[in-house]
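Asker: Quick one, structure for this:
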Amino acid sequence: MNSGSASFQLFSDPLRLYNSMLTDIENAKKYIYLETYKYGNDAIGIKFKDALTKKAKQGVEIKILMDSWGASVSHSFFSELIKLGAEIKFFKKIRWSWYSLTKNHRRDHRKLLLIDDEISYIGSANIASHSFNWRELTIRLVGDIAIPLKKTFFQSLSIFDKLFYDKIKLTRGIRHNGFEIIRDVPSELLQRHKIKFRDLIKKAKSEVIIETPYFIPPSSLRKVLAEAGKRGVKVSIITPKRSDVGMVDLLRSRFLGELYKNNVQIYFYVPQNLHAKVMLIDNKLFSIGSLNFDYRSFRFQHEISLIGKDPGIVKKIREHIDESLEDCELFNYDYWKKRPWVQKVFEWIFVPFRYLF
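Answerer: Numbering: from 1, shown residues only. Take a look at the predicted model:
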């Protein structure tokens, strides 16, 4: 689909997304760069490996960067690819030491597929079969946005095994033809997404919609969401009724009542896991990428998002959100108030450890 300066497609269905990715891989001429949090040792992982191996045999440059915690494969899985000259890197292998809970927790959560300086995929989907039935959101862009995204890929690749690096350089904002690329690395001070999202929500005039699989926002973002609701902005949070991380579902409950009392509408997606990560402001500005609206993503993970105002993309994201809402049920405040005291105790105990989930 063409819209202004952007030729794009949105994918909510993982099967359609994977088929599109594999077709683009098949047509690659120069390079294929893949960055992903999870890479499955399963039918999808094998399908992608075979497609990439075929292209390597044709002389196409292949580079894969996957997170060592999220991936369920090893170098041996890619042995033929490696023999053909492909570069396979596992981001930050787990090291057991006194700082395990802090350093090992800092994962590469980004999801990018870049091909030939022409095709870019950015969004929520990993390369794995377990999410076949999930509702995702990934955008495919045709154009030279691939060039600045390629720069971010190489910067991530350059620190795959480093404990220390220039965080300011690696989180510097990138603007390109009406788009803005926001990046985060683990940092207590920088947190570019949190700062950007806080400012966007503060400036919202009519509507804020956030769709996220895991909703445990830091206090500063809960504050601006509540303030927006109080000043008459329509604020909607869409999150799965039951995600794939049950502890997150428990912890988020602690914050929902207060937000509801400040006119924030909370919707639970019912059919299956909702894994899309998108924000829409005033039906004019969007953010789509890898970032979950939770403490862990804002503070501890390497994340990336694409922000823009392209009307065609906004329209399609709105359609995606409206389709999600058709399968949602509203948060029930009265039911929430009557939740068991045992649940309240667990919420209180585990909230200080929210960065672990």
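Asker: Under the pLDDT cut-off, which ranges of the stretch 151-300 of the chain? List them.
Answerer: Judged against pLDDT under 70, the stretch 151-300 of the chain has no low-scoring part.
Asker: quick one, strands of it?
Answerer: Ranges of strands in the stretch 151-300 of the chain, per DSSP state E, counting those that start in this stretch, are 174-176, 179-184, 207-211, 234-240, 264-269, 278-281, 285-289.
Asker: Dump these into CSV; add mean neighbour count and distance to Glu319 as well.
Answerer: All C-beta atoms are positioned from the backbone trio N, CA, C, and that covers glycine. Output for those, formatted as CSV (neighbours: other C-beta atoms under 10 Å; distance: least, C-beta to C-beta, whole Å):
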stretch, mean neighbour count, distance to Glu319
strand 174-176, 14, 25
strand 179-184, 21, 20
strand 207-211, 23, 12
strand 234-240, 22, 14
strand 264-269, 21, 16
strand 278-281, 23, 11
strand 285-289, 23, 12
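Asker: Compare the ones you listed and give me the one nearest Thr53.
Answerer: strand 285-289 (28.6 Å; C-beta to C-beta).
Asker: Can you tell me the strand partners of that closest one and which way each runs?
Answerer: strand 278-281 (antiparallel), strand 303-308 (antiparallel) (DSSP bridges).
Asker: Can you give the contact residues for that strand?
Answerer: 110, 122-124, 137-139, 182, 197, 200, 277-280, 303-309, 313-314, 317 (C-beta atoms under 8 Å, 6 or more residues apart in numbering).
Asker: can you do 6 Å?
Answerer: 122-123, 139, 278-280, 304-307, 309, 314, 317 (C-beta atoms under 6 Å, 6 or more residues apart in numbering).
Asker: out of those, who's nearest Gly178?
Answerer: Nearest to Gly178 among the contacts of strand 285-289, with distances taken as C-beta to C-beta, is Lys309, at 6.8 Å.
Asker: Report the contact partners of that closest one.
Answerer: Per C-beta under 6 Å, 6+ apart, neighbours of Lys309: Lys284, Leu285.
Asker: Straight-line length of stretch 114-133, end to end?
Answerer: One end of stretch 114-133 to the other measures 25 Å (C-alpha to C-alpha, to the nearest Å).
Asker: How about it, which residues are buried there?
Answerer: Within stretch 114-133, the residues that count as buried by 16 or more other C-beta atoms under 10 Å are 114-116, 118-129, 131.
Asker: before we move on, the earlier item: okay if I get the strands of the stretch 151-300 of the chain as JSON lines plus distance to Lys47?
Answerer: Listed next are those as JSON lines, based on distance: least, C-beta to C-beta, whole Å:
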{"stretch": "strand 174-176", "distance to Lys47": "31"}
{"stretch": "strand 179-184", "distance to Lys47": "29"}
{"stretch": "strand 207-211", "distance to Lys47": "28"}
{"stretch": "strand 234-240", "distance to Lys47": "26"}
{"stretch": "strand 264-269", "distance to Lys47": "27"}
{"stretch": "strand 278-281", "distance to Lys47": "26"}
{"stretch": "strand 285-289", "distance to Lys47": "24"}
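Asker: Let me know which of the ones you listed is the nearest to Phe350.
Answerer: Of those, nearest to Phe350 by C-beta to C-beta is strand 234-240, at 17.8 Å.
Asker: Strand 264-269 and the closest one, what's the angle between them?
Answerer: Going by axes from the mean of the first three to the mean of the last three C-alpha atoms, to 10 degrees, strand 234-240 is angled at 30 degrees with respect to strand 264-269.
Asker: what does strand 234-240 contact?
Answerer: Contacts of strand 234-240 (C-beta under 6 Å, 6+ apart): 207-213, 215, 225, 228-229, 264-267, 269, 273-274, 324.
Asker: Make CSV out of the strands paired with strand 285-289 and add distance to Glu347.
Answerer: Shown next, in CSV, are the strands paired with strand 285-289 (distance: least, C-beta to C-beta, whole Å):
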stretch, distance to Glu347
strand 278-281, 25
strand 303-308, 26
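Asker: before we move on, the earlier item: which of the contacts of strand 285-289 sit farthest apart?
Answerer: Ile304 and Val314 (19.7 Å).
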